[in-house]
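*Asks:* Quick one, structure for this:
(chains A, B, C and D)
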There are 2 protein chains.
Amino acid sequence: MEASKDSVVKNEIIDSAQKLFKQFGLKKTTMDEIASACGKAKSTLYHYYKSKEEVFDDVLSKEMLGLRILVDKNVKQKKTLHDKLKMYFETFHKEALNKLNLYRILKQEIQAEFINTNRFSDVIMFETNYVQNMLLEGVKKGEFTNVKEEDIGLYSEVIVVAFLGLVRYSVERDGEFEIENLRKITDILIPRVFT
Amino acid sequence: MEASKDSVVKNEIIDSAQKLFKQFGLKKTTMDEIASACGKAKSTLYHYYKSKEEVFDDVLSKEMLGLRILVDKNVKQKKTLHDKLKMYFETFHKEALNKLNLYRILKQEIQAEFINTNRFSDVIMFETNYVQNMLLEGVKKGEFTNVKEEDIGLYSEVIVVAFLGLVRYSVERDGEFEIENLRKITDILIPRVFT
DNA sequence: GTTTCGACTATTATCGTATTTTGGTCGGCA
DNA sequence: TGCCGACCAAAATACGATAATAGTCGAAAC
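*Replies:* Presented below is the predicted three-dimensional model:
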């Protein structure tokens, strides 16, 4: 078994699964459907994944990766902490709505045990870390001085959780809470040194 | 029917109902149980309330009122916008955990149609308004200048939604996310003029 | 040896129906 | 006017039968 061949087949499976999960959700998508969608027998899937959950998990990882690549790319184009955060919120919010499966997790629509516990807090942890690095960079550059360095971990967590709360809210209202408004959040979440 | 007598009986009912709802939740509490808990017949309850929902709604109103009185009392004791907001977050958070029924609403644990639609957004609206007044007062006193006055409505909404997201998070982790941390949120949510 | 498949199993979900629970009504009693 | 027990209709529950589905296994194909 070549590793490359292996991952090609895995990609086929994930692509089909992603579409089906997006359309019907985790519960209403069967392994048989995924299998025939990519022209394989169900038992073949179990050669590459040991469970349905593992397939779903991989789909999520793919979506998350896509979102993160985009977020990171956009954020890197901005120079100041303020602009970076603004772009971060905007891109994350927009992409989370596109990646429907991911969005379902954020909304905690899927109540599977294995997901809520791990996945959601994984996202929070990862994003907290990402934001933390942004803030630390801001500190190093002197853009962000009025916060003790030891508090930056907590600050990041607060920012992420608060932001995700807003994403959820915005999603539940389905457009009532506009993206333009979301842009102003940075002004709230980040105390500026130069006022 | 005297109005006073009427409200005495209503209070008896609400007290019993509150305990039961707190212990078993909305769905697992029956009208018969509430009735016998306050030594009345079920049909008597319908003399004072026209439905179970109305009873639950009144319990919520009572809890909300209690919380709001305390919040308002504590907030009024503080002078600056910063201290007021700090106290606001702290008291609201603490009391929301005590008032279990209210807390279930915030957590959106109760999925009854009549609740999610009205109650939750009622809370958001009320709190948004309350915070807005705080901010406007801060503007008037010159403590809070770096925000356009027309944006204050949006700011308030963002603050409330973000804060409720944090309350939920803190509740889900059941103590992991400490109240002391919550106190620092004000520093994040309110850009200070004097840095 | 690796990948695929069809047949098989065990578990879970679904359905139809009988039964119970429960929200809500009503007439009458104090 | 305030209260109750008896009553009803609708919803929840229980349960057995049936169907759907996640996951296994041995063998065939490559």
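
*Asks:* Can you give me the distance of the residue nearest to the spatial centre of chain A to residue A:71?
*Replies:* Nearest residue to the geometric centre of chain A (CA atoms, centre = their mean): residue A:64, 4.5 Å. For residue A:64, the distance to residue A:71 equals 10 Å [CB to CB, to the nearest Å]. All C-beta spots, glycine's among them, are computed from the backbone N, C-alpha and C.

*Asks:* swap in residue A:165?
*Replies:* 18 Å.

*Asks:* which SS class is residue A:86?
*Replies:* At residue A:86 the chain is in helix, as set by DSSP: H, G, I helix; E, B strand; the rest coil.

*Asks:* neighbours around it, how many?
*Replies:* Number of residues near residue A:86 (other CB atoms under 10 Å in any protein chain shown) recorded here: 21.

*Asks:* again, but for the one 10 residues further on
*Replies:* When counting by other CB under 10 Å, one arrives at 24 neighbours for residue A:96.

*Asks:* Check which helix or strand residue A:66 maps to.
*Replies:* Per DSSP states H and E, residue A:66 falls inside helix A:52-76.

*Asks:* Can you confirm whether that helix lies near DNA strand C?
*Replies:* No. Judged by CB under 7 Å from any atom of the strand, helix A:52-76 makes no contact with DNA strand C; its nearest approach is 11.6 Å.

*Asks:* ok, the closest residue to residue A:88 other than its chain neighbours - contacts?
*Replies:* Leaving aside its sequence neighbours, residue A:88 sits nearest to residue A:75 (CB to CB, 6 or more residues apart in numbering or on different chains; 5.3 Å). Counting by CB atoms under 8 Å, 6 or more residues apart in numbering or on different chains, residue A:75 makes contact with A:84, A:87, A:88, A:91, A:134.

*Asks:* Most widely separated two among those residues?
*Replies:* A:91 and A:134 (13.1 Å; CB to CB).

*Asks:* show me where chain A has helices.
*Replies:* With DSSP state H, the ranges of helices along chain A come out as A:3-24, A:31-37, A:42-48, A:52-76, A:81-98, A:100-106, A:113-114, A:121-140, A:152-173, A:179-183, A:185-189.

*Asks:* between those, which gets the lowest average pLDDT?
*Replies:* Per-stretch mean pLDDT for these is lowest at helix A:113-114 (a mean of 54).

*Asks:* What are the structural domain limits within chain A?
*Replies:* A:1-50, A:54-189 (automatic domain parsing).

*Asks:* Need the winner for burial among the ones you listed.
*Replies:* Ranked by mean neighbour count, those are led by domain A:54-189 with a mean of 17 (mean count of other CB atoms under 10 Å in any protein chain shown).

*Asks:* and that one with DNA strand D, contact?
*Replies:* No. Against DNA strand D, domain A:54-189 shows no contacts by CB under 7 Å from any atom of the strand, the least distance being 7.7 Å.

*Asks:* Next: stretch A:22-38.
*Replies:* Yes. Stretch A:22-38 comes into contact with DNA strand D (CB under 7 Å from any atom of the strand), by way of A:29, A:30, A:31, A:32.

*Asks:* Just the closest of these to residue B:13, please.
*Replies:* residue A:29 (47.6 Å).

*Asks:* contacting residues around the residue nearest to the closest one when sequence neighbours are not counted?
*Replies:* Leaving aside its sequence neighbours, residue A:29 sits nearest to residue A:20 (CB to CB, 6+ apart; 4.4 Å). For residue A:20, the contact set (CB under 8 Å, 6+ apart) comprises A:29, A:33, A:34, A:37.

*Asks:* What distance do you get for the residue nearest to residue A:88 to chain B?
*Replies:* Using CB to the nearest CB, to the nearest Å, residue A:75 is found at 19 Å from chain B.

*Asks:* Residue A:170 versus residue A:161, what's the distance?
*Replies:* 15 Å.

*Asks:* Checking stretch A:149-163 against chain B, do any of its residues make contact.
*Replies:* Yes. Remark: stretch A:149-163 sits within contact range of chain B at A:151, A:154, A:155, A:157, A:158, A:159, A:161, A:162, A:163, by CB under 8 Å from any CB of the partner chain.

*Asks:* Let me have those residues in a markdown table, extended by distance to residue A:8.
*Replies:* Formatted as a markdown table, the residues of stretch A:149-163 next to chain B follow (distance: CB to CB, whole Å):
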| residue | distance to residue A:8 |
| --- | --- |
| A:151 | 47 |
| A:154 | 44 |
| A:155 | 43 |
| A:157 | 39 |
| A:158 | 43 |
| A:159 | 40 |
| A:161 | 39 |
| A:162 | 41 |
| A:163 | 37 |
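
*Asks:* Disregarding residues adjacent in the polypeptide, which is nearest to the residue of chain A found nearest chain B?
*Replies:* Proximity of chain A to chain B (CB to the nearest CB) peaks at residue A:165, 1.8 Å away. Excluding the flanking residues, the one nearest residue A:165 by CB to CB, 6+ apart is residue B:165, at 1.8 Å.

*Asks:* hang on, isn't the one you found packed against residue A:167?
*Replies:* No. Counting by CB atoms under 8 Å, residue A:167 is not a contact partner of residue B:165; they are 9.0 Å apart.

*Asks:* Of the residues of stretch A:22-38 next to DNA strand D, which is the nearest to residue A:122?
*Replies:* residue A:29 (22.1 Å).

*Asks:* From residue B:22, how far off is that closest one?
*Replies:* Distance of residue A:29 to residue B:22, computed by CB to CB: 39 Å.

*Asks:* same check, this time on residue A:70
*Replies:* 46 Å.

*Asks:* ok, back up a step: now the contacts of residue A:20 in a markdown table, with distance to DNA strand C?
*Replies:* Output for the contacts of residue A:20, formatted as a markdown table (distance: CB to the nearest atom of the strand, whole Å):
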| residue | distance to DNA strand C |
| --- | --- |
| A:29 | 12 |
| A:33 | 14 |
| A:34 | 12 |
| A:37 | 12 |
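
*Asks:* I'd like the residues you listed laid out as TSV, including distance to residue B:7.
*Replies:* Output for these, formatted as TSV (distance: CB to CB, whole Å):
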residue	distance to residue B:7
A:29	55
A:33	59
A:34	61
A:37	63
